[in-house]
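Asker: got a predicted model here, sequence first, then my questions.
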Amino acid sequence: MDEFRNILFIDIETVACSPSYEGLDERLKVQWARKANFFRQKDAALTDEDLFHERAGIYAEFGKIIVIAIGKFATNEAGERTLRTKHFAHHDEASLLEEFCQALQKMDKSQVRFCAHNGKEFDYPYLSRRMLVQGIPLPESLNLSGKKPWDIPHLDTLEMWKFGDYKHYTSLDLLATLFKIPTSKGDMDGSRVNEVYYREKDLKKIAEYCVSDVVVVAQLFLRLKGCPLVEDKNIIRA
């Protein structure tokens with residue numbers, strides 16, 4: 001249990017930085033138009049507006065973070081493993097990131113180890129880039145400057161599943177199905193976050209979806225370590 005205690009499971013939800021392409025300033029419009037040309041090779045009928053709605057949120061240069069969910073293992077009085085979760089949700093990205101950084105400062109910086117699914121290619125760099133854009137100093141756990149690869153404490157359940165096969169991508173949903181890990185996402189998935197945020201204006205729904213992903217990542221980590229799942233009664237959703 002001790003080796004798992006300082007792992008911080010994390011997931012972020014991102015959307016386009018503007019409700020529409022037309023809402024961008026002129027310089028960003030030009031930059032998005034250039035990027036959209038690469039996507040349009042597959043479907044020439046899609047406009048810059050269409051592509052912005054569908055894809056801008058996955059790029060830190062054109063998106064923003066609206067939810068961060070975290071989870072940590074602990075042990076209850078009966079000696080059972082528990083998982084406690086917490087989420088940060090805000091329409092203002094700077095306020096969201098400041099609140100998240102304040103939470104990190106309360107933890108032992110030298111011991112915290114992030115774990116996410118595909119975190120090394122998405123969550124960790126996205127967080128770092130958006131903090132820099134917002135003028136927020138990188139916390140020690142995200143500041144990789146000068147560190148050698150083996151000194152970086154980040155964990156990634158996708159990397160754990162790859163076993164060195166860099167060509168292989170497996171979604172979190174597929175691995176949850178394979179390892180019989182319960183999920184409670186309902187009709188939500190990553191492709192709907194932008195729509196639910198800007199059209200349905202339901203930040204709470206997105207936050208609940210993000211927390212559910214953190215629970216799945218933590219449970220998947222346990223299975224990849226050959227450990228039993230945390231019982232549902234021992235998952236505390238804050």
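Answerer: Good, I have the coordinates. Numbers count the residues shown, from 1 in each chain.
Asker: now the host helix or strand of residue 37: how far from the chain's centre is it?
Answerer: Assessed by DSSP states H and E, residue 37 sits inside helix 26-39. Helix 26-39 sits 25 Å away from the centroid of its parent chain (C-alpha atoms, centre = their mean, to the nearest Å).
Asker: what comes up buried for that helix?
Answerer: 28, 29, 32, 35, 36 (16 or more other C-beta atoms under 10 Å). The C-beta positions use only the backbone N, C-alpha and C, and glycine is treated the same way.
Asker: partner strands of the longest strand seen in the chain and their direction?
Answerer: The single longest strand within the chain, with elements called by DSSP state E, is strand 63-75. Using DSSP bridges, strand 63-75 pairs in its sheet with strand 7-16 (antiparallel), strand 81-89 (antiparallel).
Asker: the lengthiest helix in the chain packs against which elements?
Answerer: The longest helix of the chain (DSSP state H) is helix 203-224. Secondary-structure packing of helix 203-224 (3 or more C-beta pairs under 8 Å, 6 or more residues apart in numbering; DSSP states H and E): strand 7-16, strand 63-75, strand 81-89, strand 113-116, helix 157-162, helix 172-178, helix 193-198, strand 235-237.
Asker: deepest-packed of the ones you listed, please.
Answerer: Each of these was assessed for mean neighbour count using mean count of other C-beta atoms under 10 Å. The highest is strand 7-16, with a mean of 24.
Asker: surely residue 176 meets residue 183?
Answerer: Yes - the criterion here is C-beta atoms under 8 Å, and residue 176 meets it with residue 183 at 5.5 Å.
Asker: overlap in contacts of these two?
Answerer: Common contact partners of residue 176 and residue 183 (C-beta atoms under 8 Å, 6 or more residues apart in numbering): residue 216.
Asker: for residue 184, give its distance to residue 158.
Answerer: Distance, residue 184 to residue 158, using C-beta to C-beta, to the nearest Å: 21 Å.
Asker: before we move on, the earlier item: right, and the helix or strand after the helix holding residue 37?
Answerer: By DSSP H and E, the next helix or strand past helix 26-39 is helix 48-55.
Asker: what sits up against that next one?
Answerer: By C-beta under 8 Å, 6+ apart, helix 48-55 touches 16, 18, 20-22, 24, 29, 32-33, 36, 39-40, 46, 62, 194-195.
Asker: quick one, that helix and strand 63-75 angle?
Answerer: 10 degrees (axes from the mean of the first three to the mean of the last three C-alpha atoms, to 10 degrees).
Asker: which regions of this protein lie under the pLDDT threshold?
Answerer: 1-2, 41-44, 108-110, 150, 185-186 (pLDDT under 70).
Asker: go again using 80 as the cut-off
Answerer: Low-confidence segments of the chain, defined by pLDDT under 80: 1-3, 38-46, 107-111, 145-152, 166-168, 184-187, 238.
Asker: distance check, the residue sitting furthest away from the middle of it against residue 217.
Answerer: Taking C-alpha atoms, centre = their mean, the residue of the chain most remote from its mean C-alpha position is residue 78, at 31.6 Å. Noted for residue 78: a distance of 25 Å to residue 217, by C-beta to C-beta.
Asker: what's the answer for residue 191, then?
Answerer: Remark: distance between residue 191 and residue 217 (C-beta to C-beta) = 19 Å.
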